[in-house]
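okay, here's the prediction I keep looking at, along with the sequence it came from:
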Amino acid sequence: MQSNLCSQLHSSLHADSLTMLRFLTLQPMGSCYFEEMNASITDYLNEPLDRVLNTLESSECIRFEDSRIALTDYGLDYVEMNN
């Protein structure tokens, strides 16, 4: 059973995680290149992009596929539960 990501995150990191996951829900096939994400949402994050990505990957909300960042089913569930 997956642990609850909300309980693991500081509030600013939680908000940044949701921002990033919501961004991925708007992308074709739920994935994008790092450069696209960096150019699109970095200005809206409180925490460094790498820290947010590492947190989401370790929580299995995203996965890295070649040079793309992809939303997982668990990540989509997390977004839906936190709307």
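Sure thing, it's come through. Remember, it's a predicted structure, so these values are computed and weren't measured experimentally. Numbers count the residues shown, from 1 in each chain.

strands of this structure, residue ranges please.
Applying DSSP state E to the chain gives strands spanning 31-33, 62-65, 68-71.

ok, how many other residues are close to Leu21?
Residues lying near Leu21 (other Cβ atoms under 10 Å) number 23. All C-beta spots, glycine's among them, are computed from the backbone N, C-alpha and C.

state the distance from it to Asn46.
For Leu21, the distance to Asn46 equals 15 Å [Cβ to Cβ, to the nearest Å].

list the buried residues in stretch 75-83.
Gly75, Tyr78, Val79 (16 or more other Cβ atoms under 10 Å).

again with stretch 62-74
For stretch 62-74, by 16+ other Cβ under 10 Å, it's Ile62, Arg68, Ile69, Ala70, Leu71, Thr72.

ok, residues contacting that stretch?
Here stretch 62-74 makes contact (Cβ atoms under 8 Å, 6 or more residues apart in numbering) with 2, 20-21, 24-25, 27, 29-34, 37, 53, 56-57, 59-61, 75.

filter those to the buried ones?
20-21, 24, 27, 30-32, 37, 53, 56, 59, 61, 75.

just to revisit the earlier point, the contacts of stretch 62-74 in helices, which ones?
Met20, Leu21, Leu24, Thr25, Phe34, Met37, Leu53, Leu56, Glu57, Gly75 (DSSP state H).

distance of Leu26 from Ile69?
Taking Cβ to Cβ, one finds Leu26 at 13 Å from Ile69.

and Gln27, by the same measure?
9 Å.

just Asp77 next, same as before
Asp77 is 17 Å from Ile69, by Cβ to Cβ.
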